[in-house]
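Trainee: Would you be able to build a 3D model of this:
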Amino acid sequence: MASSLKVWGVLALLLCLQLSPCAQSSSRREFLDQHHLNTDKGFFLYSCDALMTEKGLKPKSLHIFVYMPWYKVEHTCISGNWKYRYKNSYVWTQTPVKVLYCYWEKFKKKYTEIRNYNYVQFHCNADGYVDSIEDMMLMEPILA
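Mentor: Next comes the predicted model:
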């Protein structure tokens, strides 16, 4: 009897932790940490090799960063009337966004950078916050 109460107590605790604001916001915070570039710094001052090291990201064949104010990322999943969040849906940005593509070249052992203006399709998670980049539509390349 006592052991079943312990099990139910553990399950209730796990449920509470899952529903806490900290647990819900981890995926959006993780998205910002891994894919967002701060607009306080110039777009051309970012380099893929430095970013991947600074952010502590695992090497991948492709990594994408978006250069836009953080509040625009946060408001991507909010509807036009500001009362409703899009949940488990895909949302395109209204305006083109600066995007930095980092391609790993294993023979050179460094990243190649490509900078473009793109419309970006984000995925809004079950809580109504951006958690991934799903698709992009190229508008024009950005030449240095």
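Trainee: residue ranges for the helices of this structure, please.
Mentor: Ranges of helices within the chain are 2-19, 21-35, 48-54, 70-75, based on DSSP state H.
Trainee: between these, which has the poorest average model confidence?
Mentor: Lowest mean pLDDT within those: helix 2-19, at a mean of 40.
Trainee: distance of residue 55 from residue 63?
Mentor: 9 Å (C-beta to C-beta, to the nearest Å). Glycine gets a C-beta too; all of them are placed from N, C-alpha and C.
Trainee: Would you tell me which strand is longest in this protein?
Mentor: Identified as the longest strand of the chain according to DSSP state E is strand 110-124.
Trainee: Against which helices or strands is it packed?
Mentor: helix 48-54, strand 89-92, strand 97-105, strand 130-141 (3 or more C-beta pairs under 8 Å, 6 or more residues apart in numbering; DSSP states H and E).
Trainee: how much distance is there from the second one to the middle of the chain?
Mentor: It stands for strand 89-92. Centre-to-centre, strand 89-92 and its host chain are 13 Å apart (C-alpha atoms, centre = their mean, to the nearest Å).
Trainee: and it, what's its mean pLDDT?
Mentor: Across strand 89-92, pLDDT averages out at 94.
Trainee: now residue 46, nearest residue through space, not along the chain?
Mentor: If the residues on either side of it in the chain are set aside, residue 46 comes closest to residue 37, at 5.7 Å by C-beta to C-beta, 6 or more residues apart in numbering.
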